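In: Mind folding the following:
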Amino acid sequence: MRAGGIQIDIIETQGPEQAAELARNAYAKGYRRFIAVGGDGTSYEIVNGLFPGAENGERPTLAFLPLGTGNSFLRDFTDQGVEYAIESLLAGRSRPCDVLRLSTKTASFTTSIC
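Out: From the prediction side, this is the model:
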């Protein structure tokens, strides 16, 4: 992707639930474009890290490189795999996606609806 002209700052998680914190901190520092490299859990954490903080601010863009074991959420966008995802990033293709915050008596979470 760097060879294709995409500037990347890589931040690697060290364990579960860290991606949300890293995304939240990056958004606070001015980052607005994110790439989730992994599976459903990584994507879920990044969405939860970005919202609700980004709800009233500049909208972030989240791309996916489906390298997880299940990739169920990511297949909602395409079933063509990593090569197609990289091609889409290089071509600058995107689509809008709504974010929905759900709360119950015992839990609160954020999810994307596309």
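In: how about the closest residue to G4 other than its chain neighbours, secondary structure?
Out: Spatially, and ignoring its direct neighbours in sequence, G4 is nearest to L90 (4.3 Å; C-beta to C-beta, 6 or more residues apart in numbering). In short, each C-beta sits where N, CA and C put it, glycine included. Following DSSP: H, G, I helix; E, B strand; the rest coil, L90 is assigned to helix.
In: how far away is L90 from Y44?
Out: According to C-beta to C-beta, to the nearest Å, L90 stands 25 Å off from Y44.
In: So these two - more neighbours on which side?
Out: Between L90 and Y44, Y44 has the larger neighbour count (other C-beta atoms under 10 Å), namely 19 against 13.
In: right, and the secondary structure at the more buried one would be what?
Out: Reduced to three states by three-state DSSP, Y44 is helix.
In: One more: V99?
Out: Reduced to three states by three-state DSSP, V99 is strand.
In: Can you verify my assumption that it contacts N48?
Out: No. At 9.7 Å, V99 does not count as touching N48 under the criterion of C-beta atoms under 8 Å.
In: Find the residue closest to V37 in space, skipping its chain neighbours.
Out: L65 (4.5 Å).
In: Which element, helix or strand, includes the one you found?
Out: L65 belongs to strand 61-66 when elements are defined using DSSP states H and E.
In: and that strand, C-alpha only, in PDB?
Out: Extracted C-alpha coordinates of strand 61-66, given in PDB (Å, rounded to 0.1, in the frame of the first residue of the first chain):
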ATOM      1  CA  THR A  61     -13.200   6.600   7.500                       C
ATOM      2  CA  LEU A  62     -12.600   3.000   8.400                       C
ATOM      3  CA  ALA A  63     -11.200   0.500   5.900                       C
ATOM      4  CA  PHE A  64     -10.900  -3.300   6.400                       C
ATOM      5  CA  LEU A  65      -8.200  -5.800   5.500                       C
ATOM      6  CA  PRO A  66     -10.000  -9.100   6.300                       C
END
